[in-house]
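Asks: I need the structure of the sequence given here:
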Amino acid sequence: MRKRNNAFVWWAFVISMFLHADAFAGGWGPYFSWGRDAPTTGIPESLMDQFGDLLRGMGVSEDLINRAKELARETETDTRVNHITLGVIYDSAPSRDKLLNHRFTLGFDIATSVSIESAEVEIPGYGPIDVSGIAKNLGVDIDKSGYGVTAGYTLGFGIVRTDLLKWWLGPGLRFNFDYYNLDKSFKGGNMSIGGGGETGVNIHVTPEISLCVAGGVHWNAFAYGMGSESQSLGSFVWGNGPFYFVHVSALFHTGPDSDAWQPKAPSPPPAPAQGESPVLTPVPEQ
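Replies: Model prediction:
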């Protein structure tokens, strides 16, 4: 019961902080993004074991199998992972006339597919063997979707700041992890971390809401691993490569951003100086 009360107090505190506009002035809202990791990596060790078993079934000697594994370990493969992300975004100054703004994102990531390409190993006397096709030959579907979490940070510089829009650009950082349940009791996972350049436009549709369209290119360190129920995912292979993404979000203004731009009322005429008669506007004759 005490743990439940502590949890209630904690969540009440978090919600109160979110509702306190001065503490988190800026813009909050949902976001959606599509991205693609395109790194060059090695071949997971667990897949190498399946590679050896396949060669044994072909009657290849152990010496040649060991040599083939060495060649496969030296083989670089092109990996592709497509991402769809849904989450929440915070922008410290979506519409204010302010040079710097900080953007934070936290999202639920769906890796719609992962594919290992261009992984052919030349075996003396047997010709090239497609290592990437071994898993499919064994009934392990690598192209299955996965799920995970992603988080990002961007430091934006407001290059153009008007009552209608704010164009910003700057450096960004991103972390991502996804987990896969593959066929035949296999599991997999990938992790990436890196950074690069980002840019976007906040379009102020009302004084309280901005719509953001953004995108960027990062260079990520990338790790991918596979394993069965009896094996862990500890044998990650590392690589690196670009990550491309586009992003759309809605930002609901709080604090100073809730009235950052408003229609300007006409200024009243100046009051006459002391001792001067007020200027009377002549009335046109009827």
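
Asks: Show me where the stretch 1-150 of the chain has its helices.
Replies: Using DSSP state H, counting those that start in this stretch, the helices assigned to the stretch 1-150 of the chain run over residues 2-19, 45-57, 62-73, 134-137.

Asks: quick one: which of those helices has the weakest pLDDT on average?
Replies: Among the helices of the stretch 1-150 of the chain, helix 2-19 carries the lowest mean pLDDT, at a mean of 46.

Asks: Poorly predicted segments of this protein, please.
Replies: 1-24, 44-51, 117-144, 182-186, 228-235, 261-286 (pLDDT under 70).

Asks: any idea how far Asn66 lies from Pro256?
Replies: 67 Å (C-beta to C-beta, to the nearest Å). C-beta: built from backbone N, CA, C; applies to glycine.

Asks: Between those two, which is the more surrounded one?
Replies: Taking other C-beta atoms under 10 Å, Asn66 and Pro256 do not tie; Pro256 has more neighbours (15 against 12).

Asks: In contact with the closest residue to that one other than its chain neighbours, which residues?
Replies: Excluding the flanking residues, the one nearest Pro256 by C-beta to C-beta, 6 or more residues apart in numbering is Ala25, at 5.4 Å. Listed by C-beta atoms under 8 Å, 6 or more residues apart in numbering, the contact set of Ala25 reads Ser92, Thr254, Gly255, Pro256, Asp257.

Asks: go on, Asn82?
Replies: Asn82 touches Trp34, Gly35, Arg36, Ala111, Thr112, Ser113, counting by C-beta under 8 Å, 6+ apart.

Asks: residues in contact with the residue lying closest to it once chain neighbours are set aside?
Replies: Of all residues not flanking Asn82 in the chain, Thr112 sits nearest, at 4.7 Å (C-beta to C-beta, 6+ apart). By C-beta under 8 Å, 6+ apart, Thr112 lies in contact with Asn82, His83, Ile84, Ser145.

Asks: rerun at 10 Å
Replies: Trp34, Arg36, Val81, Asn82, His83, Ile84, Asp143, Lys144, Ser145, Gly146 (C-beta atoms under 10 Å, 6 or more residues apart in numbering).

Asks: What of Trp219?
Replies: Each residue near Trp219 by C-beta under 10 Å, 6+ apart is listed here: Pro39, Gly194, Gly195, Gly196, Gly197, Asn240, Gly241, Pro242, Phe243.

Asks: Just the element for it, please.
Replies: Using DSSP states H and E, the element containing Trp219 is strand 209-228.

Asks: export that strand as PDB, just CAs?
Replies: Below are the C-alpha coordinates for strand 209-228, written out as PDB (Å, rounded to 0.1, in the frame of the first residue of the first chain):
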ATOM      1  CA  ILE A 209      -0.700  26.300 -32.000                       C
ATOM      2  CA  SER A 210       2.200  25.800 -34.400                       C
ATOM      3  CA  LEU A 211       2.600  23.000 -36.900                       C
ATOM      4  CA  CYS A 212       6.200  21.800 -37.500                       C
ATOM      5  CA  VAL A 213       7.700  20.100 -40.600                       C
ATOM      6  CA  ALA A 214      11.300  19.100 -40.100                       C
ATOM      7  CA  GLY A 215      14.000  16.700 -41.300                       C
ATOM      8  CA  GLY A 216      17.700  15.900 -41.100                       C
ATOM      9  CA  VAL A 217      20.600  13.600 -41.700                       C
ATOM     10  CA  HIS A 218      22.600  12.000 -38.900                       C
ATOM     11  CA  TRP A 219      25.700   9.800 -38.900                       C
ATOM     12  CA  ASN A 220      25.100   7.000 -36.500                       C
ATOM     13  CA  ALA A 221      27.100   4.300 -34.800                       C
ATOM     14  CA  PHE A 222      25.000   1.200 -35.300                       C
ATOM     15  CA  ALA A 223      24.900  -2.300 -33.700                       C
ATOM     16  CA  TYR A 224      22.900  -5.400 -34.800                       C
ATOM     17  CA  GLY A 225      22.700  -8.800 -33.100                       C
ATOM     18  CA  MET A 226      20.900 -12.100 -33.400                       C
ATOM     19  CA  GLY A 227      20.500 -15.100 -31.100                       C
ATOM     20  CA  SER A 228      18.300 -18.000 -30.300                       C
END
